[in-house]
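In: Okay, sequence plus prediction incoming.
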Amino acid sequence: STYREMLKRGEKFLSEACREEAATDSWLLFSWLLEMNRAEYIVKERERPSEKELRTYQSLLERRASHIPLQYIIGEQEFMGLSFLVNEHVLIPRMDTEILVETALPYVSEKSVLDLCTGSGCIAVSLSVLGNPDFCLATDISEQALEIARKNAERNQAEVSFLKSDLFGKISGTFDIIVSNPPYISTEIVEGLMEEVRDHEPRLALDGGEDGLIFYHRIILEGKGFLKPQGWLFFEIGYDQGEAVTGMLQAAGFINIVCKKDYAGFDRVVFGQNGGI
């Protein structure tokens, strides 16, 4: 067996397991295991792998074939050009959430920032590294998620404080910016998600209640007391929630409300300014 044959067998194995991204996933597992990029592979493809490498690769392939997300197998995911550790206790950072960070970035310089439902910490860490806030606090109800988020702050040399809190439960003071990617999938739809998401990503970070909007109601209702006058509130939303979340902000007295679309043309971010004085 050569490295080339090893890789080809990996692709065939995942293809037969009905993995649509068999070629991509087999290569990513191969390159991660062997710490080998494409150029190095071309040089070494006719060399022989060790028995340990073959066994380990097969084990990785079997985990992927059982619908465990690739990012959980490898243990990391890139987001905003930074590297984040991930495991089954946090959602995998996604490109949709990069739009939330990109939208908030121009507002955070030398400001105080609160990130609710931080998960892996990808939002708070990215804003801290790229946006130069004066202070950044990130919260989550899950201590296991916070453990990963703290490691990600250290990994990316980000100055972020972390607090275990059910939304605003243990928070004091006010902030210039509140940002959140809360659970926003309705309970019924969660059950119909693809296996990678439904069975392996944390349900606590997905389920937004019967209509998917429960956390927006809570954050908007409670958040005005923690947002400075003229402060800004930023949300990631589901593709069909733009009108509902915009309406909630309007009803709560927010002004300058904007609904921003993602690269596929779907509503993805809603933000507005506290109309208080």
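Out: That came in fine, so what should we check first? Bear in mind the structure is a predicted one, so any value in this text is a computation, not a measurement. Numbering: from 1, shown residues only.
In: And the strands in the stretch 101-250 of the chain?
Out: For the stretch 101-250 of the chain, the strands defined by DSSP state E, counting those that start in this stretch occupy 112-116, 135-140, 161-164, 175-180, 227-236.
In: now the first one: mean pLDDT?
Out: Right, strand 112-116. The pLDDT scores in strand 112-116 average 98.
In: Then the shortest one?
Out: Strand 161-164 carries an average pLDDT of 97.
In: what packs against that strand?
Out: strand 135-140, helix 143-155 (3 or more Cβ pairs under 8 Å, 6 or more residues apart in numbering; DSSP states H and E). (Each C-beta comes from the backbone N, C-alpha and C, glycine too.)
In: now it: how far from the chain's centre is it?
Out: On the basis of Cα atoms, centre = their mean, to the nearest Å, strand 161-164 sits 17 Å off its chain's mean C-alpha point.
In: Nearest to L213, out of the helices and strands packed on strand 161-164?
Out: Of all those, it is strand 135-140 that lies closest to L213, at 19.8 Å by Cβ to Cβ.
In: by contact count, what packs against that closest one?
Out: By 3+ Cβ pairs under 8 Å, 6+ apart, strand 135-140 packs against strand 112-116, helix 122-131, helix 143-155, strand 161-164.
In: quick one: strands adjacent to the shortest one?
Out: Each strand that strand 161-164 pairs with, and the sense of that pairing, follows from DSSP bridges: strand 135-140 (parallel).
In: For the partner strand, list the C-alpha coordinates in CSV.
Out: This file holds the C-alpha atoms of strand 135-140, laid out as CSV (Å, rounded to 0.1, in the frame of the first residue of the first chain):
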residue,chain,number,x,y,z
PHE,A,135,-13.6,45.5,27.2
CYS,A,136,-15.2,42.2,26.1
LEU,A,137,-17.4,39.9,28.2
ALA,A,138,-18.7,36.6,26.9
THR,A,139,-21.3,34.5,28.6
ASP,A,140,-22.9,31.1,28.2
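In: That strand relative to strand 175-180, how many degrees between them?
Out: Orientation check (axes from the mean of the first three to the mean of the last three Cα atoms, to 10 degrees): strand 135-140 against strand 175-180 gives 30 degrees.
In: Now do strand 135-140 against helix 122-131: the angle between them, please.
Out: 170 degrees.
In: okay, the angle between strand 135-140 and strand 112-116?
Out: 10 degrees.
In: and strand 135-140, how far from the chain's centre?
Out: 15 Å.
In: Tabulate the strands of the stretch 101-250 of the chain (CSV), appending mean neighbour count.
Out: Converted to CSV, these look like this (neighbours: other Cβ atoms under 10 Å):
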stretch, mean neighbour count
strand 112-116, 26
strand 135-140, 24
strand 161-164, 15
strand 175-180, 24
strand 227-236, 21
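In: do you know how far K44 is from S83?
Out: Using Cβ to Cβ, to the nearest Å, K44 is found at 25 Å from S83.
In: Just the pLDDT for the residue most central in space within the chain.
Out: By Cα atoms, centre = their mean, the mean C-alpha position of the chain lies nearest to P93, the distance being 2.4 Å. Turning to P93, the model gives it a pLDDT of 93.
In: So K44 and S83 - more neighbours on which side?
Out: A direct count of neighbours by other Cβ atoms under 10 Å for K44 and S83 places K44 higher, at 15 against 11.
In: Excluding residues flanking it in the chain, which one is nearest that one?
Out: Y3 (5.7 Å; Cβ to Cβ, 6 or more residues apart in numbering).
In: so the one you found makes contact with E47?
Out: Yes. At 5.8 Å, Y3 counts as touching E47 under the criterion of Cβ atoms under 8 Å.
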